[in-house]
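Q: Test case, fold it:
(one chain, ligands or ions: 1)
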Amino acid sequence: MPTDSDARPDTPAGVPTGCTGYLAAEGYTDDLIHELGEVVSVHGRLVLAAGPPRPAAWAQNVWFDPVRLPIASIGDAARGLRAMQRNWVAYAFHLHRRSELIAAKLPPVSAKPLLFGAPVPTAPLGSWCLENEHSLLAAPRCSSPFAHGAPTFVENRSDPPNRAYRKLWEAFTVTGCRPLAGQLCLDLGSSPGGWTWVLHELGARVISVDKAPLAPHIAALPRVEYVQASAFSLDPTRFAAVDWLFSDVICYPQRLWAMTEKWRDSGKVRNMLCSIKFQRDTDHETAARFAAVPGATLFHLAQNKHELTWLWHSEPPPA
Ligand SMILES: C[S@@+](CC[C@H](N)C(=O)[O-])C[C@H]1O[C@@H](n2cnc3c(N)ncnc32)[C@H](O)[C@@H]1O
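A: Numbers count the residues shown, from 1 in each chain. Have a look, this model is predicted:
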C-alpha cells in the first residue's frame, strides 16, 4: 500500500468532472437514475449526470461541481481535500479501510444529533468518495449541511405515540417552513397522532382526521379536535381558511393527487405537506405531476421509505 512517504510535494488540484453528483436516498438509486434520465457514471449511491444541478426528488444530497483528484497515497488524498476546505464527510461505499485512513487524517466534523428547532449548521460540508485506489471524487459544496443529506435528531421517546414525528421534524428542518403558533392545520391520516403531536407542540390548532382513533393522550391535547372520517370525504367548501393541510394517508398517488387538486381548486388552503406513498412500483408519472405544480417542492426525507414528500405553498396574491 502506498504511504505518506511517496506523496508528491505539491498537491494537485482536482480536475472538474463537468457533472453534478446526486446521492440517492438509500435503496432508491434506480428511481434516481430513472428520474435523471441520461447519467454519466454510478458509484454506489452516487450518480454523476452532466451539466448543472436539476431537481431530483430521489437525491438525498447534491454534490455541486465535483472534481476528480488523482491520489498517490492516503496522505496525498487528505492533503488534497484539506487544500480545498476544512469540513468533509466520506461517502465510503467501497474501499472501506482506505477511506477510513484518509478520513482519519481530516479535521473532525461534529455529528451530534440536532435538537429540533435549533439552528441548522451553516458551515459548508463537502463530500468525497474513492472512485478507485488512485482517484477520488470530491465536492466541496453540497446541497445539505448534514452528512449525506440525513439529519439526525435528539429523539423524544416519551411524548409522541410513534416515531412518525421524525418525518415532520426533518421536513420542517430542511425546508425551513413550518406552521406558526395559532395557525389552523388539517392533519389527514393522522392516527395514532405523531404528526398531530408535532403540530400541537408548535402551538398550532389541529383538526386531526383518520378512520382510526388517535392515541388517547393525543386526542386529549387542548388544541386538537379529532374527526373520525375518511380524508377523501372532506368538503373544502365547509372550511374557512386552512393554513396548512398535512396528509400521511396511505393511498395510491393518483388518489392523493385528486385530493390535493380539490383543495388547491377550492382556494381554502395556503400550504400543503403530503407523503406520496408508492406501492411496489414507483409511479414516476404522478410524482412528476406533483413536482410540476407551481410553488411545489418534491423531495425524499431520510426518514421516508418508498415515499416522497410534497411541499406546496400557494402563490401570494398579486400586489
Ligand atoms: C402512516 S399512518 C399515519 C401516521 C400518522 N401521520 C402519525 O404521525 O401518527 C397512515 C394512516 O392513514 C390512515 N388512513 C388510511 N386511509 C384513510 C382515509 N381514507 N382517510 C383517513 N385516514 C386514512 C390509516 O388509518 C393510518 O392511520
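Q: So what touches the longest strand anywhere in the chain?
A: The single longest strand within the chain, with elements called by DSSP state E, is strand 269-277. Outside strand 269-277, the residues that touch it by CB atoms under 8 Å, 6 or more residues apart in numbering are 167-168, 171, 177, 179, 186, 236, 241-248, 250-251, 253, 256, 260, 263-264, 286-287, 290, 298, 304, 306-314. Any C-beta I mention is one placed from the backbone N, CA and C, and that applies to glycine too.
Q: And the pLDDT for the residue nearest to residue 193 when sequence neighbours are not counted?
A: Excluding the flanking residues, the one nearest residue 193 by CB to CB, 6 or more residues apart in numbering is residue 218, at 3.3 Å. Note for residue 218: predicted pLDDT of 98.
Q: List the contacts of residue 218.
A: Here residue 218 is in contact with 161, 192, 193, 196, 197, 200, 208, 224 (CB under 8 Å, 6+ apart).
Q: of all the residues you listed, which comes closest to residue 115?
A: Nearest to residue 115 among the contacts of residue 218: residue 197, at 16.7 Å, using CB to CB.
Q: can you tell me which helix or strand the nearest residue to residue 190 once chain neighbours are set aside belongs to?
A: In space, and not counting its chain neighbours, residue 190 is closest to residue 208: 4.2 Å by CB to CB, 6+ apart. Per DSSP states H and E: residue 208 is located in strand 205-210.
Q: quick one: strands adjacent to that strand?
A: Neighbouring strands of strand 205-210 in its sheet, by DSSP bridges, are strand 184-188 (parallel), strand 224-228 (parallel).
Q: Now it: average pLDDT?
A: Strand 205-210 comes out with an average pLDDT of 98.
Q: Just say helix, strand or coil for the residue of the stretch 1-150 of the chain found nearest the ligand.
A: Nearest residue of the stretch 1-150 of the chain to the ligand: residue 116, at 14.8 Å (CB to the nearest ligand atom). Put simply, residue 116 is coil when judged by DSSP: H, G, I helix; E, B strand; the rest coil.
Q: contacting residues for it?
A: Residue 116 makes contact with 153, 154, 169, 172, 173, according to CB under 8 Å, 6+ apart.
Q: From the residues you listed, list just the buried residues.
A: Those of these that meet the buried threshold are 153, 169, 172, 173, by 16 or more other CB atoms under 10 Å.
Q: residues contacting the second one?
A: So the one you mean is residue 169. Counting by CB under 8 Å, 6+ apart, residue 169 makes contact with 116, 153, 198.
Q: Also the first one?
A: Contacts here follow CB under 8 Å, 6+ apart; on that basis residue 153 touches 113, 114, 115, 116, 166, 169, 170, 173.
Q: If I look at it, what pLDDT would I see?
A: Predicted confidence (pLDDT) for residue 153: 98.
Q: That one and residue 203, how far apart?
A: For residue 153, the distance to residue 203 (CB to CB, to the nearest Å) stands at 19 Å.
Q: Could you do the third one as well?
A: Taking CB to CB as the measure, residue 172 and residue 203 are separated by 13 Å.
Q: re the thing from before, what kind of secondary structure is the residue nearest to residue 193 in?
A: Classification of residue 218 by three-state DSSP places it in helix.
Q: quick revisit: quick one: the residue nearest to residue 190 from residue 301, how far?
A: Distance, residue 208 to residue 301, using CB to CB: 21 Å.
Q: wouldn't the residue nearest to residue 190 be in contact with residue 220 here?
A: No: Residue 208 lies out of contact with residue 220 (CB atoms under 8 Å); the separation is 11.8 Å.
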